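Asks: just need the structure, nothing else, for what follows:
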Amino acid sequence: MALTEDLTFKLGDSGVILNANLSAVPFIDISKADGLDSASFRETQRDWEGNDGSFFDAEFEKGREISIEGRIYGDVNTLETYLDALKENYAPSRVLVPFYYKAPGVDERLLFVKPRGVRYRWETVRRTGCIEAQFNMFAEDPRIYTSTLITLPVPVGGVATSGFGFDLGFSFGFGTITGSLGANAVVSGNRPTPPLFKIYGPVVNPRIYNDTTGDVLQFSITLNTGETLWVDKKYRTVKLDNTTNRRSTLINPTWYDLQKGTNFLRYLPESGGSTIDVLYRDAWR
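Replies: Predicted structure coming up:
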């Protein structure tokens, strides 16, 4: 269930809601959240030999360390049971877990994190059923996403012949691409976002064009009826039926993100095919 109250937080789809406006104990009053601002950059600085000044590179972001702090209020006789539930919620996980939060004026957003536990101390104030606590997580992917997953069908836009090309310092090739049908993928966040493509059989040698950026993903593979090729840009994986590695079938690995604004996508197999699905979320810094 989506978060609707402002300034609330939740780890996992069925996790404990932090900072909910509850009138009965137990509840958690959050006082501070770190790690939801700009992610740290991977920075490299080197001297400019033979000249004044230096070079500075900060193109990419690091993962996010996220820390949520607050005070737990509960019945002194049942507080330990509640703490057990929180520790279970934030227990280590081998897989990424969605961490949801709701800021005022915008829809619920999320990061995919690995929990790092709950930290608290036994202090005198616990006699009254109160305890200070800290909830820790790490997001390997620093992108903040909207929680709504967009699924965009892209119809076959024609036929693409394989042709051949030469690298002469400029784009020069032979072969034909016919058809102009496609679909607009609209990205409403403030940064590019990685898509997931689902290609359905039967189809021969599919190609997925982003006309907005001029990039193409091209595959040398024949999919039979009922087979699906999953192409994940974020992890740069190509899997048959989302299980078997088929990365070697990608013959033009120009991996591309969906850019801010409108991206016109076309699906052009050599034969067969009907539609593909493009799955993505709006992304934020």
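Asks: which stretches of the protein form helices?
Replies: Secondary structure of the chain (DSSP state H): helices at 79-89.
Asks: any weak-confidence spans in it?
Replies: When residues are selected by pLDDT under 70, those of the chain lie in 158-180.
Asks: make it 90
Replies: 1-2, 21-24, 59, 125, 157-181, 252-253 (pLDDT under 90).
Asks: can you list the domain ranges for it.
Replies: 8-146, 150-284 (automatic domain parsing).
Asks: extract the C-alpha trace of stretch 209-228 and format it as CSV.
Replies: Output in CSV follows, covering the C-alpha atoms of stretch 209-228 (Å, rounded to 0.1, in the frame of the first residue of the first chain):
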residue,chain,number,x,y,z
TYR,A,209,16.1,2.3,-31.6
ASN,A,210,16.0,5.4,-29.6
ASP,A,211,15.6,8.0,-32.3
THR,A,212,16.0,10.8,-29.8
THR,A,213,19.6,9.9,-28.9
GLY,A,214,20.5,8.0,-32.1
ASP,A,215,21.3,4.8,-30.3
VAL,A,216,20.3,1.2,-31.0
LEU,A,217,20.3,-2.1,-29.3
GLN,A,218,20.7,-4.9,-31.8
PHE,A,219,20.5,-8.6,-31.2
SER,A,220,21.4,-11.8,-33.2
ILE,A,221,18.9,-14.2,-31.9
THR,A,222,15.8,-16.1,-32.9
LEU,A,223,13.0,-16.3,-30.2
ASN,A,224,10.4,-19.0,-30.5
THR,A,225,6.7,-18.6,-29.5
GLY,A,226,6.4,-18.2,-25.8
GLU,A,227,10.0,-17.2,-25.3
THR,A,228,10.9,-13.7,-23.9
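Asks: for that stretch, buried residues please.
Replies: 209-210, 212, 216-219, 221-223 (16 or more other CB atoms under 10 Å). (Glycine included, C-beta is placed from N, CA and C.)
Asks: what about the closest residue to Lys32 other than its chain neighbours, distance to Glu108?
Replies: Closest residue to Lys32 apart from its sequence neighbours, by CB to CB, 6 or more residues apart in numbering: Glu69 at 4.5 Å. As judged by CB to CB, to the nearest Å, Glu69 and Glu108 stand 21 Å apart.
Asks: one step back: of all the domains of the chain, which one comes closest to Met1?
Replies: Proximity to Met1 (CB to CB) singles out domain 8-146 among the domains of the chain, at 7.9 Å.
Asks: now the terminal residues of that closest one, how far apart.
Replies: For domain 8-146, the first-to-last residue distance is 15 Å (CA to CA, to the nearest Å).
Asks: now swap in stretch 123-143 and tell me
Replies: 37 Å.
Asks: surely Pro155 touches Thr275?
Replies: Yes: using CB atoms under 8 Å, Pro155 is in contact with Thr275, at 5.1 Å.
Asks: now do the shared contacts for the two.
Replies: Tyr267 (CB atoms under 8 Å, 6 or more residues apart in numbering).
Asks: one step back: show me what contacts the residue nearest to Lys32?
Replies: Per CB under 8 Å, 6+ apart, neighbours of Glu69: 30-34, 132-135.
Asks: take those residues and keep only those in strands.
Replies: Judged by DSSP state E, the contacts of Glu69 include 30-34, 132-135 as members of strands.
Asks: who wins for neighbours among those?
Replies: When neighbours are counted by other CB atoms under 10 Å, Phe135 leads these with 26 neighbours.
Asks: nearest residue to it other than its sequence neighbours?
Replies: Ile68 (4.3 Å).
Asks: ok, now how distant is the residue nearest to Tyr73 when sequence neighbours are not counted from Ser188?
Replies: Computed as CB to CB, 6+ apart, the closest residue to Tyr73 that is not its neighbour in sequence is Val25, at 5.3 Å. From Val25 across to Ser188, the span is 40 Å (CB to CB).
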